[in-house]
Every structure is written in structure tokens, then in C-alpha cells.
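Student: Sequence first, predicted coordinates after that:
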Amino acid sequence: MSVSITLIPVVLALRVVMGKKRFESWVASTEVLKETHFENSQELITTVKICGYPVEKIGVNLFKTEYSHKNYVLWSYRFGKWVGVFSKYANEELIQKFITDLEHKAQRSIFKEQSKMTDQIFQTYPTNFNDLKLLKEVLNSYGVEFQEEAMKLQCHLGNEKIIFTQLNENSIITVMVPSSHNIQAVHRQLVEIDEDYKSQLQERTYQNVIKKAEQQGFVIEQEEVLEDNSIVITLNVQK
């Protein structure tokens, strides 16, 4: 008796999932970062709450404060600093009113003076990567140097800083890219990394299937690679 198992390729993290329209949507979805003076999360939480605003934890090093009806700021730890993340499309007057009120009640400066980070716009998009260790192996194979901090990887593709973030071991990895005229070039490099990630992940899955099959006494009769890079394995069930 023979049984065939098909290993379907992993969905491309950027090229297929995003497509042209989704990619354009990614570029259009922007954030405005404002660097703060907060040294740690406890100082942030205590200060904001004392000023009368709510602080809701929504992730690792990620908090949310609603400062007016349906308007909120995300407090996020990025680049080794705590920043306030505002929507590009939020009402600027409401943002400035919140900042003024917060600093008045705290009797201190919360946000730093304008800097490159303050005006820098980023796009964040989820990928299909979920194995940070494998992603590091792929980056190493491409000769891409990176800095690791908790569940984050910072690296450069070309002249652009790229940040991969994973909230926990079971979550997907997101990628954050600064807005620039080189975004198309960055996208092409991300697609290449995705191709390698997909290939290595499929190879790992293949090896695991073969190992388990042999452990259970199956004999491999045939292996076939299809046009879509799926692998069909025919196993002989020994009675």
C-alpha cells in the first residue's frame, strides 16, 4: 500500500500576500513617531495615568492611550527609545492639545524637540514569517548584518533601516520600513529574503516528514518535485 504526501510551498510573505494593491496600501498606511523622554515603561505608565489618561497594554512594550474620542496614541519601544506613535491622518490640533495638556499636568517635558525620528514616517506590515531563528539564518546567508534586541532584528537593506518584530514565539513577524523613494528597491530585497525563507522552511518541513516516516517504518518509494515546487512523497506502508 502506498500513500502520497504533498508538501505545499509556504505562501510568499510579501509578493503574493500583498500583491500590487496591498503593497500600495502598505505604503499609504503611515505612522508619525514622536520621541519621548521616558526611560522605561513604568515611568511612562505612571506619568500618563497621573495626568488622567488611560494606559492599556496591548503587546510587548506596546501600550495604548485614548486621548479623545476614537483618537489614540500608541506608546512603543523602538530603536532603544520610547516613542509616541500617532496616525498621520489624526487631527493635528487634537494631537497638539493632548501633548500640551499632558506636559502641563506632568509639569515636565514629555516629548523631545523635533528630530529626524519625530518627522520620520514608517510603514508596518505583517509577514508570514513566524520563526525568528530561521529568519536570522536567512539574513546571515545573504550577508546581512543585524542587531538583535529582545524579539526584534534591526538591519539595513541598501541604505534603509529595516526592523523585524515578533511579539511572542507564536506570533507572526512584522516588518517596519521607513518611507523613502527607495521603497520599491527595499520591497524587491524583502521578496528575495522571503523566497529563501520559504525554501529553507520547506526543506526543514521535508526533513521532518522524512524522519517521522522512517521512524514509523514507512519506506519512501518515490519523490517528485512539481512545477509549483510542491514535493510529492510516495510512502510504502509495510505490513
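Tutor: Looks like it came in fine. Residues are numbered from 1 along each chain as shown.
Student: so residue 72 makes contact with residue 55?
Tutor: No: counting by CB atoms under 8 Å, residue 72 does not reach residue 55; the two are 10.8 Å apart. Every residue, glycine included, has its C-beta placed from N, CA and C.
Student: intersection of neighbour lists for these two?
Tutor: 64, 65 (CB atoms under 8 Å, 6 or more residues apart in numbering).
Student: Please tell me how far residue 108 sits from residue 213.
Tutor: 64 Å (CB to CB, to the nearest Å).
Student: So for the two, which sits in the more crowded spot?
Tutor: Set residue 108 next to residue 213 and count neighbours by other CB atoms under 10 Å: residue 213 wins out with 18 against 10.
Student: all helices of the protein, in order?
Tutor: With DSSP state H, the ranges of helices along the chain come out as 15-28, 41-50, 92-106, 116-119, 132-141, 183-215.
Student: What lies in contact with stretch 78-92?
Tutor: 30-36, 38-41, 44, 71, 73-77, 95, 111, 117, 121, 149, 154, 163, 176.
Student: Buried ones among those?
Tutor: Neighbour-count burial (16 or more other CB atoms under 10 Å) is assigned, among those, to 31-36, 38, 41, 44, 73-77, 95, 111, 117, 154, 163, 176.
Student: Quick check: phi and psi at residue 216.
Tutor: Backbone torsions of residue 216, given as degrees, to the nearest 10, read phi -90, psi 10.
Student: pLDDT score for it?
Tutor: Looking at residue 216, its pLDDT reads 77.
Student: what about it, how many neighbours?
Tutor: For residue 216, using other CB under 10 Å, the count is 10.
Student: First-to-last residue distance for stretch 106-125?
Tutor: 34 Å (CA to CA, to the nearest Å).
Student: just to revisit the earlier point, rank the helices of the chain by pLDDT, which is bottom?
Tutor: Across the helices of the chain, helix 116-119 gives the lowest mean pLDDT, at a mean of 43.
Student: hmm, back to that, out of the buried ones among the contacts of stretch 78-92, which are inside strands?
Tutor: Among the buried ones among the contacts of stretch 78-92, the ones falling in strands (DSSP state E) are 31-35, 73-77, 154, 163, 176.
Student: I'd like to know which of those residues has the lowest per-residue confidence.
Tutor: Ranking these by pLDDT, residue 31 lands last with 70.
Student: wait, doesn't that residue sit right on residue 125?
Tutor: No: using CB under 8 Å, residue 31 makes no contact with residue 125, being 11.7 Å away.
Student: Could you pull up the contacting residues of the residue nearest the centre of the chain?
Tutor: With distances taken as CA atoms, centre = their mean, the chain has residue 174 as the residue nearest its mean C-alpha position (1.2 Å). Applying CB under 8 Å, 6+ apart to residue 174 gives the contacts 124, 125, 126, 127, 164, 165, 166.
Student: Which ones among those map onto strands?
Tutor: 124, 125, 126, 164, 165, 166.
Student: For residue 49, see how far away residue 154 is.
Tutor: 30 Å.
Student: for residue 96, same thing?
Tutor: 21 Å.
Student: Repeat that for residue 77.
Tutor: 18 Å.
Student: Tell me the buried residues in stretch 148-160?
Tutor: Those would be 151, 152, 153, 154, 155, 157, 160, for stretch 148-160 by 16+ other CB under 10 Å.
Student: end to end, how far does it reach?
Tutor: Per CA to CA, stretch 148-160 runs 17 Å from first to last residue.
Student: Return the distance of it from the chain's centre.
Tutor: Remark: stretch 148-160 is offset 11 Å from the chain centroid, using CA atoms, centre = their mean, to the nearest Å.
Student: Now tell me what touches that stretch from outside.
Tutor: So stretch 148-160 is contacted by 60-61, 79-80, 132, 135-136, 139, 144-147, 161-168, 177-178, 180, 182, 185-186, 189-190 (CB under 8 Å, 6+ apart).
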